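> How does the following fold in three dimensions:
(2 chains)
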Amino acid sequence: SQTIHQWPATLVQPVGSPLSLECTVEGTSNPNLYWYRQAAGRGLQLLFYSVGIGQISSEVPQNLSASRPQDRQFILSSKKLLLSDSGFYLCAWRDHLGTGNTEAFFGQGTRLTVV
Amino acid sequence: GNSVTQMEGPVTLSEEAFLTINCTYTATGYPSLFWYVQYPGEGLQLLLKATKADDKGSNKGFEATYRKETTSFHLEKGSVQVSDSAVYFCALRGNFNKFYFGSGTKLNVKP
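Okay, the predicted model is just below:
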């Protein structure tokens, strides 16, 4: 069966420090991968989307970047964190186009607090 | 473009009350529709889905019907339990397999 791992679960970082959040998927090949952010009391905002290695679509201009160095690995990064980067970050995957389930499957999330 | 609008919360109900959470969408074509549930401190779990017009998704006593004519996918449950307390998100899968979510509705069920 497929599983998604996201870490760390919680993170407290000072303003101006770098960020690296990692997400890996097991049990599937060539998944669509997503990074979402959920700010306090708000809904989910799609940040990045990837259909394959090295292919990243940025949805919202911001202080963050994403990379997909391997088929089932998706990394969210920042060179210098801002206070406004605080939030709950969720990674998700879906079967690639034309196969399998229609829904997205989510990781457990990373709670990032920038202080 | 694609967007999802759902009723603002929080919604507070007594146990065994009837639940409705409204959701409407804007999309190109006929997207798949979903309800996800988020328990405190956790990621999102799929609750139910519908992939075409007039489909009814159901799970754990929750139901939602894909209404193309009203572009709606309202979530209902006949008798809520305290354990249903969570945040509920309506979502659609749009172009290029991107998922768009509503702002979430927090449900509080009191014993």
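
> tell me which element the residue of chain B found nearest chain A falls in.
As assessed by Cβ to the nearest Cβ, chain A sits closest to residue B:103 within chain B, at 3.6 Å. In this view, the C-beta of every residue, glycine as well, is placed from N, C-alpha and C. For residue B:103, there is no host helix or strand (DSSP states H and E).

> wait, residue B:31 sits on residue B:93?
Yes - taking Cβ atoms under 8 Å as the definition, residue B:31 is a contact partner of residue B:93 at 5.5 Å.

> of the two, who's got more company?
The neighbour count for residue B:31 versus residue B:93, taken as other Cβ atoms under 10 Å in any protein chain shown, is higher for residue B:31 (24 against 21).

> Going along the chain, name the strands of chain B.
Ranges of strands in chain B, per DSSP state E, are B:3-6, B:11-14, B:19-21, B:23-26, B:32-38, B:44-50, B:56-59, B:62-65, B:75-77, B:86-93, B:99-101, B:105-110.

> next one: chain A
Counting by DSSP E, the strands of chain A are A:3-7, A:10-13, A:19-26, A:32-38, A:44-52, A:55-58, A:65-70, A:73-78, A:87-94, A:105-106, A:110-114.

> Can I get these in CSV including mean neighbour count, mean pLDDT and distance to residue B:10?
Output for these, formatted as CSV (neighbours: other Cβ atoms under 10 Å in any protein chain shown; pLDDT from 0 to 100; distance: least, Cβ to Cβ, whole Å):
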stretch, mean neighbour count, mean pLDDT, distance to residue B:10
strand A:3-7, 17, 93, 27
strand A:10-13, 14, 96, 24
strand A:19-26, 18, 96, 29
strand A:32-38, 24, 94, 16
strand A:44-52, 19, 93, 18
strand A:55-58, 14, 93, 33
strand A:65-70, 15, 96, 32
strand A:73-78, 19, 97, 29
strand A:87-94, 24, 94, 18
strand A:105-106, 22, 92, 22
strand A:110-114, 18, 95, 21
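
> So in terms of bridging, what pairs with the residue nearest the centre of chain A?
Residue closest to the mean C-alpha point of chain A, counted by Cα atoms, centre = their mean, is residue A:35 at 3.0 Å. With DSSP bridges as the criterion, the beta-bridge partners of residue A:35 are residue A:48, residue A:91.

> give the contact list for it.
Contact analysis of residue A:35 by Cβ atoms under 8 Å, 6 or more residues apart in numbering or on different chains lists A:23, A:46-49, A:66, A:74, A:76, A:89-91.

> Residue A:93 versus whatever residue of chain A ends up closest to chain B, what's the distance?
Across chain A, the shortest distance to chain B (Cβ to the nearest Cβ) belongs to residue A:43, at 3.6 Å. Applying Cβ to Cβ, to the nearest Å, the value for residue A:43 to residue A:93 is 20 Å.

> same thing with residue B:62?
In this view, residue B:62 and residue A:93 are 24 Å apart by Cβ to Cβ.

> Quick check: phi and psi on the closest residue to residue B:74 other than its chain neighbours?
Nearest non-adjacent residue to residue B:74, counting by Cβ to Cβ, 6 or more residues apart in numbering or on different chains: residue B:22, 5.1 Å away. Residue B:22 adopts backbone torsions of phi -80, psi 140, taken as degrees, to the nearest 10.

> so residue B:22 makes contact with residue B:7?
Yes - using Cβ under 8 Å, residue B:22 makes contact with residue B:7 at a distance of 4.5 Å.

> Around chain A, pick out the residues from chain B.
B:32, B:34, B:36, B:41-46, B:49, B:51, B:89, B:93, B:96-104 (Cβ under 8 Å from any Cβ of the partner chain).
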